[in-house]
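Chemist: Build me a model:
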Amino acid sequence: MPETDLFLFDCGASSNTGLVRAHNEDSYLVRPELGLWVVADGMGGHAAGDFASQTIVADLAEVGVPGSLDDLQARVFARLGQSTQAIRARARQLGTTVGATLVALLLHEDGFACLWAGDSRAYLLRAGKLFRLTEDHTEVQALLNAGAITPDEARYWPRRNVITRAIGVTDLPECERMGGPLEPGDLFLLCSDGLTGLVEDAEIERIAAEPVPAQVICDALVALTLDRGAHDNVTVVTVRLHPAPAPVFD
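Modeler: Residues are numbered from 1 along each chain as shown. Sure, this is the predicted structure:
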C-alpha cells in the first residue's frame, strides 16, 4: 500500500466498455507516488476520443514528484496545456471537434485539490456521508442553476449529456478547481458519466461506505452499471486514506 508521512493510500480502479459501445474511450491514471489520480472521458468518436483521453493521461503521468500542492497543480496545468495542443492538432487533421472531459484528484501532505472540465465527477466520502466535489459543466446543469428546469425535468432532459467544457476544444485548458484539508478515513471517488448516468448518488454512498478495499468498491459500482445496461463506457477510480503508522526510532 503506497504511503506518505501522513497517510497510507488504498487505491482501486476499474474501467469497462459497457454493453453498447464498441470501444472504450475512457482512460484513467493512478499514481499515488505523485499524489495524482485522473479520469478522462474522450469525445469525438473512436480514434479521436481514444486519442484525447489517452493523450491527457499519458501527459499527466509525466508530471514528476511535486514539492507542494501548488507545485503539483502547476505541473498538472502545464501538462494539460501540452495535451490541449496535441488534441487540437488531431482535430485539425480529422476536421472535427475532439476533446475529453477530465477530473483529477491531487493530494499532497494534508491537503487536496480537484480539477475538472466536463461531466466526469469527483466525490468525497467522509464519516459515512458522500459529498459531490464537482459540478457538471453541462447545458442541463446550467439550466438547473438558472432555475429554468427542475431536477425531475433534468433527469429526462433531451440534451442532458451536452457538455460545455472539455480539454482540447479551446486553445487553453479551462478547468474548475476546489480543494480542502484531508482527514484519515477519507475516500475519494472519481468517475466518468457512464456511472452517474445510471447510478444515483445515494447508491454510490451506500456502496462506497462499505468497509471493503477500494478495488472492491470500484468493481461493485461498475458491476451495478453493467446490470443496468451500461449504454456508455464506465470508469471508477477510488483512493482511501489510512493514517500512516508512527515512525519507530531506535
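Chemist: Enumerate the helices of the chain by residue range, in sequence order.
Modeler: For the chain, helices defined by DSSP state H occupy the ranges 48-60, 69-94, 139-146, 151-155, 193-196, 201-208, 214-227.
Chemist: which helices and strands sit right next to the second one?
Modeler: Just to be clear, that refers to helix 69-94. Helix 69-94 sits against helix 48-60, strand 99-108, strand 111-117, with contacts defined as 3 or more Cβ pairs under 8 Å, 6 or more residues apart in numbering; DSSP states H and E. Any C-beta I mention is one placed from the backbone N, CA and C, and that applies to glycine too.
Chemist: could you redo the last one with a cut-off of 10 Å?
Modeler: Packed against helix 69-94 by the contact rule (3 or more Cβ pairs under 10 Å, 6 or more residues apart in numbering; DSSP states H and E) you find strand 36-43, helix 48-60, strand 99-108, strand 111-117, strand 176-181.
Chemist: Around Val57, how many other residues sit close by?
Modeler: Neighbour count of Val57, defined by other Cβ atoms under 10 Å: 20.
Chemist: Apart from its neighbours in sequence, what residue is nearest Ala202?
Modeler: Leu130 (8.0 Å; Cβ to Cβ, 6 or more residues apart in numbering).
Chemist: Against Asp201, how distant is that neighbour?
Modeler: Distance of Leu130 to Asp201, given as Cβ to Cβ, to the nearest Å: 6 Å.
Chemist: same thing with Tyr28?
Modeler: Tyr28 sits 20 Å away from Asp201, going by Cβ to Cβ.
Chemist: Kindly report the same for Leu221.
Modeler: 12 Å.
Chemist: swap in Ala220?
Modeler: Distance, Ala220 to Asp201, by Cβ to Cβ: 15 Å.
Chemist: Looking at these two, which has the bigger crowd around it?
Modeler: Ala220 (17 against 13).
Chemist: quick one, what contacts the more buried one?
Modeler: Ala220 sits next to 14, 206-208, 210, 212, 236 when contact means Cβ atoms under 10 Å, 6 or more residues apart in numbering.
Chemist: which one among the residues you listed gets closest to Val63?
Modeler: Relative to Val63, the closest of the contacts of Ala220 is Val236; by Cβ to Cβ it sits at 22.2 Å.
Chemist: For that closest one, name its beta-bridge partners.
Modeler: According to DSSP bridges, the residues that bridge with Val236 are Ser14, Cys191.
Chemist: can you count the residues close to it?
Modeler: Neighbour count of Val236, defined by other Cβ under 10 Å: 31.
Chemist: With the one 4 residues further on instead?
Modeler: One way to gauge burial is a neighbour count; for Arg240, by other Cβ under 10 Å, it gives 23.
Chemist: Contacts only, for it.
Modeler: Listed by Cβ under 10 Å, 6+ apart, the contact set of Arg240 reads 1, 7-12, 125, 184-189, 208, 212-214, 217.
Chemist: Kindly report the same for Asn145.
Modeler: Taking Cβ under 10 Å, 6+ apart, we find Asn145 in contact with Glu135.
Chemist: Need the overlap of contacts for Leu130 and Asp201.
Modeler: Taking Cβ under 10 Å, 6+ apart as the criterion, Leu130 and Asp201 both touch Tyr123.
Chemist: quick one: low-confidence ranges for this structure?
Modeler: Applying pLDDT under 70 to the chain flags the ranges 1-3, 46, 246-250.
Chemist: Please repeat the previous calculation with a cut-off of 90.
Modeler: Along the chain, segments meeting pLDDT under 90 span 1-5, 22, 44-47, 139-162, 244-250.
Chemist: I figured Thr134 was touching Trp116, is that so?
Modeler: Yes: at 4.7 Å, Thr134 and Trp116 qualify as touching, with contact defined as Cβ atoms under 10 Å.
Chemist: ok, those two, which is more surrounded?
Modeler: Comparing Thr134 with Trp116 by neighbour count (other Cβ under 10 Å), the higher total belongs to Trp116, at 26 against 20.
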